[in-house]
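Novice: here is the input, now give the coordinates:
(chains A, B and C)
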Amino acid sequence: MDSVSRLEALEEIRQAKYRYLRCVDLKLWDEIADVFTEDATAGYGTPAMGKKLDLSGREAILDFLRTNMGPGIISVHHASQPEITLADDGMTAEGTWCFEDRIIATEYNVVIQGAAFYEDRYAKGADSKWRIAHTGYQRTYEAMMSTDDLKSFKITANRWAD
Amino acid sequence: MDSVSRLEALEEIRQAKYRYLRCVDLKLWDEIADVFTEDATAGYGTPAMGKKLDLSGREAILDFLRTNMGPGIISVHHASQPEITLADDGMTAEGTWCFEDRIIATEYNVVIQGAAFYEDRYAKGADSKWRIAHTGYQRTYEAMMSTDDLKSFKITANRWAD
Amino acid sequence: MDSVSRLEALEEIRQAKYRYLRCVDLKLWDEIADVFTEDATAGYGTPAMGKKLDLSGREAILDFLRTNMGPGIISVHHASQPEITLADDGMTAEGTWCFEDRIIATEYNVVIQGAAFYEDRYAKGADSKWRIAHTGYQRTYEAMMSTDDLKSFKITANRWAD
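Specialist: Residues are numbered from 1 along each chain as shown, chains lettered A, B, ... in the order given. Model (predicted):
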């Protein structure tokens, strides 16, 4: 694999991940479908919300997102520091990313905040597009709190309620 | 447009944005000027600070920044996840970025914190430099609070006051 | 230096920094050693923890990290916005990055949070690997607080204690 093809593949894989992250936080469930391979798997779940979830297949992942990330949830996933390793044949790759996330459950005045490292796998399709074949993460930490503890706390913009 | 030119253009556009972000948070108003095209536009403003502002022209943007981001304001803009699309002729581009920001108005004990997606346009000048032709964003959320709610809260470093 | 070599060097320098950041937050002290040149220097230290430290040599940096970043410390370093300038001979480089960090000293219920710009130098070794020759930063701000102020605050995941 020559240098330019390698640099291009890394850029395309980053683009797939960026699209995924944007679609999650903007709740773009139709656009997000094509980010995953059909048999993609995902290890989701935050301790604050219950046990870890292992989802199998694009449809299961989409169902989970539609059900759990409705308009009562503000989510921010902020990822960077991609370390991506391409397989020799240039058709699959593995990658780790640092990310921080913040979930605000506006009806419950609850904020969940944490950091983790993604451990992903990517695959290049017959159409030459890179997609996420697996996404999962291990938490560095996660914390939750109620905004009721902060008398002055006020949400001044909410994309899902304004 | 060949692969290498495309990868180079993407890198140069990211560099223009990174310079912009650094100059805002470090209040480098002289250096920031060249990041914008002369007729650049900006859609700024956070709900917590009043209504959205539409600024037209590099001078208007610089005036706004000089006036509103003085030494009483600590600002942190942290952007990543660039999804940039080059026009076919390689002379303009559009891009979206995720960012989180935190403003601390130190004299008022107020913290404003939020996340948004930038929606930018870029243009390549006659000197082959990429510049920001438009920057704007739509908030995912924004929240404000007073640090008076946190008895132990203490600023231990402030670049503009130490 | 041709365009492709330049783009590759920038990518490899970013990778060295990403590995450094991941190894700090995951406490991978064996893996982190090779990220530094043998005579690397580091300017560490947060005002909240005492005076600034200037460390000289890879061993001194590793000693500092092993001693100060034990399992009682959750750390998150989130960096992006790399502006890297390669020297003409392609053997050294300078770079600035924006980062935000959060330290949770779990035994003391203390959170230290801040933002800064890294000012790094990099060097390409005889083995063609890029390493960090110097890392340091200047704070935009830093703040500390006790989670005792937040009655509802609860750590729901901690990689070093679960």
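
Novice: per-residue confidence for A:Leu65?
Specialist: Per-residue confidence (pLDDT) for A:Leu65: 95.

Novice: go on, A:Asp162?
Specialist: With respect to pLDDT, A:Asp162 scores 76.

Novice: and if you look at A:Lys52?
Specialist: The per-residue pLDDT reported for A:Lys52 equals 81.

Novice: isn't it right up against A:Ala116?
Specialist: No - taking contact to mean Cβ atoms under 8 Å, the distance of 11.9 Å between A:Lys52 and A:Ala116 leaves them out of contact. Backbone N, C-alpha and C define where each C-beta goes, glycine included.

Novice: the more surrounded of the two?
Specialist: When neighbours are counted by other Cβ atoms under 10 Å in any protein chain shown, A:Lys52 and A:Ala116 differ, and A:Ala116 comes out ahead with 24 against 12.

Novice: what sits against that one?
Specialist: Taking Cβ atoms under 8 Å, 6 or more residues apart in numbering or on different chains, we find A:Ala116 in contact with A:Cys98, A:Phe99, A:Asp101, A:Tyr137, A:Gln138, A:Arg139, A:Thr140, A:Glu142.

Novice: nearest residue to the middle of chain A?
Specialist: Among the residues of chain A, A:Leu21 comes closest to the average C-alpha position under Cα atoms, centre = their mean, at 4.8 Å.

Novice: and the host helix or strand of it, what's buried?
Specialist: A:Leu21 is part of helix A:3-25, with elements assigned from DSSP states H and E. When neighbours are counted by 16 or more other Cβ atoms under 10 Å in any protein chain shown, the buried residues of helix A:3-25 are found to be A:4, A:7-25.

Novice: that helix near chain B at all?
Specialist: Yes - where contact is defined by Cβ under 8 Å from any Cβ of the partner chain, part of helix A:3-25 touches chain B, namely A:Val4, A:Leu7, A:Glu8, A:Glu11, A:Gln15, A:Tyr18, A:Arg19, A:Leu21, A:Arg22, A:Asp25.

Novice: by neighbours, which of the contacts of A:Ala116 wins?
Specialist: Ranked by the number of neighbours (other Cβ under 10 Å), those place A:Cys98 first, at 26 neighbours.

Novice: grab the nearest non-local neighbour of it.
Specialist: Nearest non-adjacent residue to A:Cys98, counting by Cβ to Cβ, 6 or more residues apart in numbering or on different chains: A:Gln81, 4.2 Å away.

Novice: state which strand of chain A is the longest.
Specialist: Within chain A, and with DSSP state E defining each element, the longest strand by residue count is strand A:130-146.

Novice: would that one count as contacting chain C?
Specialist: Yes - for strand A:130-146, a contact with chain C is found by Cβ under 8 Å from any Cβ, at A:Gln138, A:Arg139, A:Thr140, A:Tyr141, A:Glu142, A:Ala143, A:Met144, A:Met145, A:Ser146.

Novice: residues contacting A:Ile84?
Specialist: Residues touching A:Ile84, when contacts are defined by Cβ under 8 Å, 6+ apart, comprise A:Leu10, A:Ile13, A:Arg14, A:Ala93, A:Glu94, A:Gly95, A:Tyr122.

Novice: pretty sure A:Leu26 is touching B:Cys98, no?
Specialist: No - with contact defined as Cβ under 8 Å, A:Leu26 does not reach B:Cys98; the gap is 9.7 Å.

Novice: chain center to the lowest-mean-pLDDT helix or strand in chain A: distance?
Specialist: Of all the helices and strands that make up chain A, strand A:53-56 has the lowest average by mean pLDDT, DSSP states H and E, namely a mean of 93. Using Cα atoms, centre = their mean, to the nearest Å, the distance from the centre of strand A:53-56 to the centre of the chain it belongs to is 14 Å.

Novice: now stretch A:14-34
Specialist: 8 Å.

Novice: tell me which parts of chain A are close to chain B?
Specialist: Residues of chain A that fall close to chain B, judged by Cβ under 8 Å from any Cβ: A:4, A:7-8, A:11, A:15, A:18-19, A:21-22, A:25-26, A:74-80, A:102, A:104, A:149-159.

Novice: cheers, nothing more for now.
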